[in-house]
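# give me the fold of what follows.
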Amino acid sequence: MHQQNWLITGVSTGLGRAFAQAALAAGHTVVGTVRSEGDLRAFEELGSGGSGGARAYGRILDVTDDDAVAGVIAEVERNVGALDVVIANAGYGLEGTFEETPLAEVRRQFEVNVFGAVATLRAALPPMRRRRCGHLMAVTSMGGLMAVPGMSAYCGSKFALEGILEALGKEVAQFGIHVTAIEPGSFRTDWAGRSMTRAERSVDDYDELFAPIRAARQKASGNQLGNPAKAGEAVVRIASLDEPPAHLVLGSDALRLVTAARTAVDEDIRAWAALSRTTDFAEGAQL
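Predicted coordinates for the structure are as follows:
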């Protein structure tokens, strides 16, 4: 496997850090974006013991600042090298029932999880297109292919990103560029702990459904099934393939829940197929 130049957003903790560590261990150069000088220094120290020519370069970046995103990627292309792999990983979880979640919080969730990822991939695409190669990835979630109560804004943002990635992949395949949606299940990171934003409870009618869900998620934080290091190894593996997947589900819990959700959709389609057909004009399309 040849040495690659990677850029990963949100590498201070969690899966972003795990992806970066795995890429560095494989001998790649990684530019990681963080939000503070302290996190930048900590990230760059990861490169000091890397194999071969591996290097870790930090950049401070707020992914909701479109101009800053474009500027960082252009600067990296000039000063570090042509990017082979870009992972839009930066994001966060917003927990709360649909009715209880303030609209401003929903908008903020989309600003980071959707538009931050879009800005990152959009800035990286033109030079990849000119080179006729590259691999664009974004971390969605198993919550981009299935939904659970109390996570409507989060799942909505991830469903949106899934649709963007699927369309993007079909647009850029002609240029030799691959697009992969990374869909993790529950991994042993701080995603469900300190990093989670939680809407305040205000409607008692949801107590019976939602209170146990919130309590269980908080209790499980730090004890999840998924191993971040193994997730990193999986992502490095697909980045070396000539034909990587458009979807990479990570974790046995994600496999189980996504499969069940997609089966339920298929069952609805089959059950209501006859009604679906009744909405056509009897004479067919007018060409």
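
# drop to CA atoms for contacts and neighbour counts, all remaining ones
Will do.

# flag the shaky bits of the stretch 101-250 of the chain, pLDDT-wise.
191-193 (pLDDT under 70).

# helices of that one, start to end?
Along the stretch 101-250 of the chain, counting by DSSP state H, counting those that start in this stretch, helices occupy 103-110, 117-131, 152-172, 207-220, 228-239.

# can you redo those helices as JSON lines with distance to Leu275 and mean neighbour count?
Shown next, in JSON lines, are those (distance: least, C-alpha to C-alpha, whole Å; neighbours: other C-alpha atoms under 10 Å):
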{"stretch": "helix 103-110", "distance to Leu275": "34", "mean neighbour count": "15"}
{"stretch": "helix 117-131", "distance to Leu275": "37", "mean neighbour count": "19"}
{"stretch": "helix 152-172", "distance to Leu275": "26", "mean neighbour count": "19"}
{"stretch": "helix 207-220", "distance to Leu275": "33", "mean neighbour count": "13"}
{"stretch": "helix 228-239", "distance to Leu275": "41", "mean neighbour count": "19"}
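
# and these: which comes nearest Gly71?
Minimum separation from Gly71 across those (C-alpha to C-alpha) falls at helix 117-131, 8.6 Å.

# can you name every helix or strand that the closest one contacts?
The helices and strands touching helix 117-131, judged by 3 or more C-alpha pairs under 8 Å, 6 or more residues apart in numbering; DSSP states H and E, are helix 66-79, strand 85-88, strand 134-139.

# pull up the pairing partners for the last one, direction included.
Yep, that's strand 134-139 we're talking about. strand 85-88 (parallel), strand 177-184 (parallel) (DSSP bridges).

# quick one: contacts for the residue most central in space within the chain?
The C-alpha lying nearest the average C-alpha coordinate of the chain belongs to Val139 (C-alpha atoms, centre = their mean; 1.4 Å). For Val139, the contact set (C-alpha atoms under 8 Å, 6 or more residues apart in numbering) comprises 87-89, 181-184.

# please apply the same query to Leu168.
Contacts for Leu168 were tallied using C-alpha under 8 Å, 6+ apart; they are Val179.

# hmm, Pro244 is touching Ala181, no?
No - in this structure Pro244 lies outside contact range of Ala181 using C-alpha atoms under 8 Å: 10.6 Å.

# which of these two has more neighbours?
Higher neighbour count among Pro244 and Ala181: Ala181, with 26 against 16, using other C-alpha atoms under 10 Å.
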